[in-house]
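Enquirer: what follows is a protein structure lacking sequence information:
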């Protein structure tokens, strides 16, 4: 939305109705306006936190009959004499009309196998050396759910330095960062040379880690291509193919569990997670860590049926992006949208060594907002 | 539930029906059993992760007509020759009948102001020096949503050592640990001497930190009593008083936001969060960090009404536990259940210095399970 000015403001049946110069219409309820008064008595001027106690405000508070705008500010003098001033810009940004809310909806760019021809990629130097490069990279992660950083120095620990461009790391039971390399006596299938079907990591945590960083330090082995599937596209495809399966997976919580001698971490959550406007927030999908279903008996077979339908979409070749990481590639993806996997490899044909870590999605989105504000 | 044995097992209309010696009845669906086959081909023996690909199993898989139990093991030979062996103990633990599921429901102990007479408290030495003490303490946190550790050495950093009895820390935008002390130019109301109404911390994160540790190092100031309210009790009281307000707050997501020059962290979530069986999981309640509501216009006034009703319950004196922390007290509470606050204090009357940190609830619950297994 462009930055229009206020054309008129009227008390229409008790609501503050603003007509904007671009024709948009906003209706603000009086209690909503009072609750968001930006004066220093109501909003702490250092912390920007609300100090106003809404319990001190009359629930049936009314607007004055006449409303005035001066210097692009709406000034309201309430019946008790308290004065609130709202800038036009703030009012526009916080308009909660259906239209304004729809315009603020996230719009992820969905992709399939064809994205191999136009990979969201960026140079290491751009990410590390400029705010513009950093923002550009974060935009790609938010839009596509992944981005590939090229020409990252193949130095141990570099993955952490890149992640720390955004934030401190998200630690897990596997540590602060980790090495993916085939191990003796692994506590996780990732540490073998087996095929890994598309999955999301750590669904057994209440909040699975958001953004995963995987840095390729060495890769001479045969096989072992990385795979990525856009879980949001898979969910939307399922919604079209089988609305009942989509609805089922959106509402039915299923249990996940990881356990080893030190940890026993369990959580139940739906496979597909949306906000109340049906915007996709998360796919949680990992057969290896799905615990025995402890859901009502009459929901067991419907779950297996819906899960099978989703799995068919996830495994359709046109939905699978396959890339063989090269030394210096750093793959960054939203672990709660992009399902990742790996073809099996022959550990005797040569070394394969990735280093990884996580950053929470809150931190990715926060840094992006800060840079957007800074760079205008 | 005691540990009964299998009395009989029959194929009843295609289900595996077990009658237990205590009279309990379990029905297992064949696909569910096949999916949970514990043999080393289906379940990785090191990682305990499922390797079986359910897509390789016939959706209409059937049980043999006759089922056998030997040595307290149910052995099933499937039509393709694959063999699955389940121990009686495992089957009982994973029974998903309505009755078994109901018996596994969490049963938080709800409390009000009267808990002042029987505070869940424990000695520092018990927590630090024995697994039994540690488990005892974790049990209190899970049951009551808080516990008070007495006689903690008043040494800087001790709070971190106690938290690390459980796990690594949950870092936030306020750092890995923090000092609560009145500051000049605070970025958070906690760092002033103002009254803090009951609230939960950091509702603007997708996952607010779970368990909060607050260690009292110094407290000579007048006032500044800590307050705690059982948010789960408040939610259940609201459910009785005003079912429509309860339902509204359980479903309506509202936006939260924290911003300073480095961070702009936003998330939308309902005030009351339950699992699909209506077990309470979380209360998210903090007026200071509630962003301007961007919800459908016809839901704005119902929100304010329901919020007001909940706030009346939260502020009812009989629901508020008030404790003045003493030097050496370490208050530990579930930040997603127990709302905390503070009376105002006079910063000129003497010093008040708390140190705090967080640990995620997943880690609390995981450590408790590991200790339960270890201590039997």
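Expert: Happy to help now that I have it. A quick note: this is a predicted structure, and the numbers were derived from the prediction, not measured.
Enquirer: can you map out the helices along the stretch 51-200 of chain A?
Expert: Secondary structure of the stretch 51-200 of chain A, counting by DSSP state H, counting those that start in this stretch: helices at A:88-93, A:98-103, A:124-129, A:131-144, A:158-163.
Enquirer: can you list the domain ranges for chain A.
Expert: Domain assignment for chain A by automatic domain parsing gives A:6-103, A:113-375.
Enquirer: residue B:248 is nearest to which of the helices of the stretch 51-200 of chain A?
Expert: helix A:98-103 (18.5 Å; C-beta to C-beta). For the C-beta atoms, the positions are set from N, CA and C on the backbone; glycine is no exception.
Enquirer: hmm, back to that, same list, the helices of the stretch 51-200 of chain A, but as a markdown table with mean pLDDT please.
Expert: Converted to a markdown table, these look like this (pLDDT from 0 to 100):
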| stretch | mean pLDDT |
| --- | --- |
| helix A:88-93 | 96 |
| helix A:98-103 | 96 |
| helix A:124-129 | 98 |
| helix A:131-144 | 98 |
| helix A:158-163 | 98 |
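Enquirer: any chance of these in TSV, plus distance to residue B:120 and mean neighbour count?
Expert: Output for those, formatted as TSV (distance: least, C-beta to C-beta, whole Å; neighbours: other C-beta atoms under 10 Å in any protein chain shown):
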stretch	distance to residue B:120	mean neighbour count
helix A:88-93	46	18
helix A:98-103	44	12
helix A:124-129	49	16
helix A:131-144	44	19
helix A:158-163	39	20
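Enquirer: burial of residue A:327, as a residue count?
Expert: When neighbours are counted by other C-beta atoms under 10 Å in any protein chain shown, residue A:327 registers 14.
Enquirer: start to end distance for stretch A:166-181?
Expert: 26 Å (C-alpha to C-alpha, to the nearest Å).
Enquirer: from the chain's centroid, how far away is it?
Expert: With C-alpha atoms, centre = their mean, to the nearest Å as the basis, stretch A:166-181 stands 18 Å off its chain's centre.
Enquirer: in that stretch, what counts as buried?
Expert: By neighbour count with 16 or more other C-beta atoms under 10 Å in any protein chain shown, stretch A:166-181 contains the buried residues A:166-174, A:177-178, A:180-181.
Enquirer: ok, which of the helices of the stretch 51-200 of chain A comes nearest chain B?
Expert: helix A:98-103 (6.1 Å; C-beta to the nearest C-beta).
Enquirer: how far is the closest one from where the chain is centred?
Expert: With C-alpha atoms, centre = their mean, you get 20 Å for helix A:98-103.
Enquirer: what of stretch A:24-34?
Expert: With C-alpha atoms, centre = their mean, you get 29 Å for stretch A:24-34.
Enquirer: in it, what counts as buried?
Expert: Within stretch A:24-34, the residues scored as buried using 16+ other C-beta under 10 Å are A:24, A:26, A:27, A:28, A:29, A:30, A:31, A:32, A:33, A:34.
Enquirer: count of neighbours near the nearest residue to residue A:309 once chain neighbours are set aside?
Expert: Closest residue to residue A:309 apart from its sequence neighbours, by C-beta to C-beta, 6 or more residues apart in numbering or on different chains: residue A:245 at 4.4 Å. Counted by other C-beta under 10 Å, the residues lying close to residue A:245 total 22.
Enquirer: and residue A:365, its phi and psi?
Expert: Main-chain dihedrals, residue A:365, degrees, to the nearest 10: phi -70, psi -40.
Enquirer: my bad, should have said residue A:226
Expert: Main-chain torsions, residue A:226, degrees, to the nearest 10: phi -80, psi 140.
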